[in-house]
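In: got a predicted model here, sequence first, then my questions.
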Amino acid sequence: MLPTVADVLALDPVRRGGPRVVAGADRLDTRVRWVHVGEVTDIAHLLRGGELVLTTGIALPDEPEKLVDYIGELSAVGASGLIVELGRKFIKELPRVVVKAAEEHGLPLITLARETQFVQITESVHARIIDRQLEELRASEQLHEVFTQLSVEGASPADVLAQVARLSGRPVLLENLAHQVLACEPAGRDTGELLGSWESRSRTVAPEQRTAYDAASGWLVAMVGARGQDWGRLILLCEQEPGPREIVLVERAATTLALGRLLERHQESLERRAHGTIINGILTHAYADPDDAAARARAVGVPLSGRKLISLVLRLTETVDTALDGQAQLGELAEATAAACRQVKLPALVGALDGGRVAVLLPLPPRVAAETALTNLADRLRGTFSRAFVLAAGSVVDSVKDVRRSFLEAEQVSDVAVRQPDGRVYYRLPDLRLRGLLHLLRDDARVQTFAERELGALLAHDAQRGGDLARILRIYLDSGRNKAVAAQKAHLSRPAFYDRLRRLERILDTDLDDVESCLSLHVALLALESFRRESR
């Protein structure tokens, strides 16, 4: 940052001259771009603005009106100030008309009582200016390296904002054009206080330039976008007017965010990522205070405080060829879910999570039952999203601190429902019955031992001979032990199907007409499905 007139007056070569401010004392914070020594009267046309002029006054005119014109011309070209050494032209003080003109034009005017080597002043100031420029250049290079690396790594908006906060030591936020906060790095500030009434506050700040500082709010704002399409604003909260380094910082960060958006072709949208970050934060206890999560959700337009909350997990039931296809389809499901929530007027946090899941945190509107909200949402989503999926719901909870329990329940329900969806609009824990219980107990060694004891011989037989008797057994049991129906489902003649049942009885050493034996085998098959699904 360039030195001010006050900084120049504090330098030793100037102090030795006995400086005294005779006009413009309230303008000593004016920046000095350069120091120019000049004795001629018509010097103004040689200046470009920001120069501090040094003179002995030896060539200045005697006529008061010409001295006034001299001061006016310096002010008109933007000179940062005028220093006059007394003793040659002006012995003890400057003419009153000069002082008055400088005060009227707001031009800092300083006198030096003793003879001073101007070269020492110029060397000192210019060295300081060059040092500052080199420092800013090095800082700019550092910022370039940091944000180039973030771009190469495909850093998330949260990662970019974390770097901005670290390098500036100030809070930074990213919002969309609807003034909803997509990402926030509070830099030690209270998040709730930072995001309070955000939308209304943000709408009052509308700089005309793409990067500008709004003194009233203390916000340094940079537009974020590319190819002529802006989609957000990056906001750095500054307690005082930012310097060039802060301006370069937000501009480089805005460019990195814009580039990241362009590279997001097969990933979820920025809004989905913002929602997913909040949901992940809740599930991993990243927020020490539940009010922090509520404030972040409120900033993206989803009120959580004072609402009943229900967690949902959506899973695709169709298999995909590649991981990339799966990621793309999951992103489509997340976007379709968010759109369905908007259509049925249910503001919600919707984000794609690891493990092929779309997570939804749904605040229930007052006097709206969970069943009604889930049915409306599922019906609208199935009408717009063509691929098959299951929607699992956890229990309704009263606050953000209980949301994790609701999500874990929804995950367990989805794990079971996705294996054998039966066409329900949505699934909840009571709908799963025995299959749900076995899924919850799938890691219990006693259940695993039971399934192996019941089915081990049959599984070994199929493995050795490439048979399908385990499938036949499942069809028979799913058909309620109705042999005629089971034979039809197995696409076998009755004699052929009966023959396979007899082989099953020999291998398992059991009677398939015995109800308890069949019940035990059916439970073992359901448990086996839980194990196999978990290992995929």
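Out: All right, it came through fine. Numbering: from 1, shown residues only.

In: stretch 153-169 - what's its average pLDDT?
Out: What stretch 153-169 shows for mean pLDDT is 87.

In: buried stuff in it?
Out: 155-158, 160-165, 167-168 (16 or more other C-beta atoms under 10 Å). Every C-beta, even on glycine, is put in place using the N, C-alpha and C of the backbone.

In: in CSV, list those along with distance to L112.
Out: Converted to CSV, the buried residues of stretch 153-169 look like this (distance: C-beta to C-beta, whole Å):
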residue, distance to L112
A155, 54
S156, 57
P157, 54
A158, 55
V160, 50
L161, 49
A162, 50
Q163, 47
V164, 44
A165, 45
L167, 41
S168, 39
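
In: all helices for the stretch 51-200 of the chain, in order.
Out: Listed in chain order, the helices of the stretch 51-200 of the chain (DSSP state H, counting those that start in this stretch) span 64-76, 96-105, 118-153, 157-168, 191-195, 198-203.

In: pick the most buried one from those.
Out: helix 157-168 (a mean of 20; mean count of other C-beta atoms under 10 Å).

In: show me what that helix is packed against.
Out: Judged by 3 or more C-beta pairs under 8 Å, 6 or more residues apart in numbering; DSSP states H and E, helix 157-168 is in contact with helix 118-153, strand 172-176, strand 181-185, strand 229-237, helix 244-262, helix 270-283.

In: repeat the analysis, applying 7 Å as the threshold.
Out: helix 118-153, strand 172-176, strand 181-185, helix 244-262, helix 270-283 (3 or more C-beta pairs under 7 Å, 6 or more residues apart in numbering; DSSP states H and E).

In: picking that back up, ranking the helices of the stretch 51-200 of the chain by mean pLDDT, which is last?
Out: With a mean of 80, helix 118-153 has the lowest mean pLDDT of the helices of the stretch 51-200 of the chain.

In: so that one versus helix 157-168, what angle?
Out: Angle of helix 118-153 versus helix 157-168, following axes from the mean of the first three to the mean of the last three C-alpha atoms, to 10 degrees, is 160 degrees.

In: helix 118-153 packs against which elements?
Out: On a contact count with 3+ C-beta pairs under 7 Å, 6+ apart, helix 118-153 meets helix 12-15, strand 34-37, helix 157-168, helix 244-262.

In: domains of the protein?
Out: By the assignment in automatic domain parsing, the chain contains the domains 5-126, 154-262, 273-433, 445-535.

In: so can I have JSON lines of those domains showing distance to L134?
Out: Converted to JSON lines, the domains of the chain look like this (distance: least, C-beta to C-beta, whole Å):
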{"stretch": "domain 5-126", "distance to L134": "12"}
{"stretch": "domain 154-262", "distance to L134": "13"}
{"stretch": "domain 273-433", "distance to L134": "39"}
{"stretch": "domain 445-535", "distance to L134": "60"}
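
In: contact partners of the helix or strand hosting R453?
Out: Per DSSP states H and E: R453 is located in helix 445-465. Helix 445-465 has contacts (C-beta atoms under 7 Å, 6 or more residues apart in numbering) with 438, 441, 467-470, 473, 507-508, 520-521, 524-525, 527-528, 531.

In: determine which two of the residues you listed are furthest apart.
Out: The most widely separated members of the contacts of helix 445-465, counting by C-beta to C-beta, are L441 and G467 (28.6 Å).

In: before we move on, back to that, can you list the buried residues in the helix holding R453?
Out: So, applying 16+ other C-beta under 10 Å, buried residues of helix 445-465: 447-448, 450-451, 454-455, 458-459, 461-462.

In: beta partners of the residue lying closest to V53 once chain neighbours are set aside?
Out: Once flanking residues are discounted, V53 sits nearest to L82: 5.0 Å by C-beta to C-beta, 6 or more residues apart in numbering. According to DSSP bridges, the partner residues bridging L82 are V53, L109.

In: where does the stretch 151-300 of the chain have low pLDDT?
Out: Along the stretch 151-300 of the chain, the model assigns pLDDT under 70 to residues 227, 262-269.

In: who's the residue nearest the centre of the chain bridged to?
Out: The centre of the chain sits closest to A183, judged by C-alpha atoms, centre = their mean, with a distance of 3.2 Å. For A183, the beta-bridge partners are L174 (DSSP bridges).

In: relative to D159, how far out is it?
Out: 9 Å (C-beta to C-beta, to the nearest Å).

In: how about A359?
Out: According to C-beta to C-beta, A359 and D159 sit 21 Å apart.

In: mind checking pLDDT for A323?
Out: pLDDT recorded at A323 is 56.

In: out of the helices and strands packed on helix 157-168, which comes closest to L501?
Out: Between L501 and the helices and strands packed on helix 157-168, the tightest spacing by C-beta to C-beta is seen for helix 270-283, at 47.5 Å.

In: circling back: what sits against the residue nearest to V53?
Out: Neighbour list for L82: 53, 74, 102, 107, 109 [criterion: C-beta under 7 Å, 6+ apart].

In: quick one, what contacts the first one?
Out: It refers to V53. Counting by C-beta under 7 Å, 6+ apart, V53 touches 36, 38, 43, 74, 79, 82.

In: please repeat the previous calculation with a cut-off of 10 Å.
Out: 34-38, 43-44, 47, 74, 79-84, 107 (C-beta atoms under 10 Å, 6 or more residues apart in numbering).

In: pick the one among the residues you listed closest to R201.
Out: S80 (35.3 Å).

In: now the closest residue to G467 other than its chain neighbours: how far from G188?
Out: Take G467 and drop its neighbours on the chain: the residue closest to it by C-beta to C-beta, 6+ apart is H461, 6.3 Å away. Separation of H461 from G188 (C-beta to C-beta): 66 Å.

In: and H275, by the same measure?
Out: Relative to G188, H275 is positioned 24 Å away (C-beta to C-beta).

In: more neighbours, those two?
Out: Per other C-beta atoms under 10 Å, whichever of H275 and G188 has more neighbours is H275, with 27 against 9.

In: so that one touches V302, yeah?
Out: Yes - counting by C-beta atoms under 10 Å, H275 touches V302, with 7.8 Å between them.

In: now do the shared contacts for those two.
Out: Here H275 and V302 have 296, 348-350, 361 as joint contacts, going by C-beta under 10 Å, 6+ apart.

In: wouldn't L312 be in contact with F389 here?
Out: No - contact between L312 and F389 fails when scored by C-beta under 10 Å: they sit 11.3 Å apart.

In: show me the two of the buried residues of helix 445-465 that sit farthest apart.
Out: Maximum pairwise distance in the buried residues of helix 445-465, criterion C-beta to C-beta, is 22.2 Å, between V447 and H461.

In: in a strand, that's where G355 is, yeah?
Out: No - residue state for G355 (DSSP: H, G, I helix; E, B strand; the rest coil) corresponds to coil; a strand is not indicated.

In: how many other residues sit next to it?
Out: 12.

In: do you know how far it is from Q420?
Out: Separation of G355 from Q420 (C-beta to C-beta): 19 Å.

In: element containing A336, please.
Out: Assigned by DSSP H and E, A336 belongs to helix 323-343.

In: cool, and C518?
Out: Assigned by DSSP H and E, C518 falls in helix 515-535.

In: just the buried residues of that helix, please?
Out: In terms of neighbour count (16+ other C-beta under 10 Å), helix 515-535 has its buried residues at 517-518, 520-530.

In: on that earlier part again, show the buried residues in the contacts of V53.
Out: 34-36, 38, 43-44, 47, 74, 79-84, 107.

In: most widely separated two among those residues?
Out: Farthest pair in those (C-beta to C-beta) is W34 and V84. Separation: 18.0 Å.

In: for R387, helix, strand, or coil?
Out: coil.

In: which ones are touching it?
Out: Neighbours of R387 in contact, by C-beta under 10 Å, 6+ apart: 316-318, 320, 329, 332-333, 336.

In: would you agree E39 is in contact with Y70?
Out: No - contact between E39 and Y70 fails when scored by C-beta under 10 Å: they sit 11.7 Å apart.
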